[in-house]
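Mind looking at a prediction? Sequence and model below.
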Amino acid sequence: QVQLAVSGGGLVQPGGALRLSCAASGLIFSINAMGWYRQAPGKGRELVANIRVGGATSYTDSVKGRFIISTDNAKKTVVLQMNSLKPEDTAVYYCNVRGVGTGHQVFEAWGQGTLVTVSS
């Protein structure tokens, strides 16, 4: 099994910054991609950003230039630095990790959601 430990989130004023961190542990052979999704009230879950093996990144258009995703491969950790936050960034954020387990099975793991609230 693969476990994801998520930290960060909380309440911040518009224009502020927050940092989300997600550490993967367990029976992991390799990681293919790590990323963050979010779900705002009344909306579906959307990809915010991900980073794939080799370092290629993707961001949803609304966060480009404000959010930065990075990884520490040795620690199997992915970090989302969120800057210039807007009220529309308010959502529950979920960590997602895809890879291969030690038994050579493909896995996709989700962390527990963490609430980010941007409000004055």
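Looks like it came in fine.

Show me where the protein has its strands.
With DSSP state E as the criterion, the chain has strands at 2-7, 10-12, 18-26, 28-39, 45-52, 57-59, 67-72, 77-82, 91-101, 106-110, 114-118.

roughly how far is the second one from the heart of the chain?
If you compare the mean C-alpha spot of strand 10-12 with that of the full chain, they lie 16 Å apart, counting by Cα atoms, centre = their mean, to the nearest Å.

For it, list every residue counted as buried.
Neighbour-count burial for strand 10-12, counted by 16 or more other Cβ atoms under 10 Å, picks out Val12. Placement of C-beta: from N, CA and C, glycine included.

Please name the strands paired to it in the sheet, noting orientation.
When pairs are called by DSSP bridges, strand 10-12 turns out to pair with strand 114-118 (parallel).

for the spatially most central residue of the chain, which residues make a bridge with it?
Of all residues in the chain, the one closest to the mean position by Cα atoms, centre = their mean is Trp36, 2.5 Å from it. The partner list for Trp36 in beta bridges (DSSP bridges) reads Ala49, Cys95.

circling back: adding mean pLDDT as columns, could you present the strands of the chain in TSV?
As requested, the strands of the chain are exported to TSV (pLDDT from 0 to 100):
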stretch	mean pLDDT
strand 2-7	96
strand 10-12	97
strand 18-26	97
strand 28-39	96
strand 45-52	97
strand 57-59	97
strand 67-72	95
strand 77-82	97
strand 91-101	97
strand 106-110	97
strand 114-118	98
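
Quick one: end-to-end distance for stretch 78-91.
End-to-end distance for stretch 78-91: 19 Å, by Cα to Cα, to the nearest Å.

about what we covered before: among the strands of the chain, which is the most enclosed?
Sort the strands of the chain by mean neighbour count, taking mean count of other Cβ atoms under 10 Å, and strand 77-82 sits at the top with a mean of 22.

centre of the chain versus that one, how much separation?
6 Å.
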